[in-house]
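here is my input, please return the structure:
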Amino acid sequence: MSAIAQGQLISKQSLMDYWQPYRLSNGDEGYFSSGWDYNKAGSWQELGHDGGGLVRVRILFKENLDDHYVIVYLTNGNKDGVWSRDLVDSVQYLVMPDLFSRIVMRW
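Numbering: from 1, shown residues only. Okay, here's the model as predicted:
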């Protein structure tokens, strides 16, 4: 993901074009971007996907990709009803609390 974000596999401009949310017919932004989950956290854009709740990859980036973070979450399983998205949100907040304000999961 770092190599991709640094423009080593595809140009940063192409990524910025691909990594924007789809517009729905009513004008709202969708929750997906080129097949990836898409969200915003303040001035950061989040793009990622999971592998059935056991793995999630997420890239956090600003508009030009010069500033980005990559989070990869791997586990052998999790508590029923807890999505890997929630776990990564918690890790993201714990690692960078001054950048991201999320509710931390309590286990």
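
what's the one helix or strand in the chain whose mean pLDDT sits lowest packed up against?
Sorted by mean pLDDT, DSSP states H and E, the helices and strands of the chain end with helix 84-95, the least confident at a mean of 78. With contacts defined as 3 or more CB pairs under 8 Å, 6 or more residues apart in numbering; DSSP states H and E, helix 84-95 has these neighbours: strand 44-50, strand 55-61, strand 68-74. C-beta here means a position set from N, CA and C on the backbone, and glycine is covered the same way.

try it again with 6 Å
Contacts defined by 3 or more CB pairs under 6 Å, 6 or more residues apart in numbering; DSSP states H and E place helix 84-95 against strand 55-61, strand 68-74.

next one: the residue lying closest to residue 95 once chain neighbours are set aside relative to residue 4, how far apart?
Leaving out its chain neighbours, the residue that sits closest to residue 95 by CB to CB, 6 or more residues apart in numbering is residue 71, at 8.0 Å. Counting by CB to CB, to the nearest Å, the gap from residue 71 to residue 4 is 14 Å.

ok, now residue 56?
With distances taken as CB to CB, residue 56 is found 16 Å from residue 4.

now swap in residue 93 and tell me
Shown here: residue 93 relative to residue 4, a distance of 24 Å by CB to CB.
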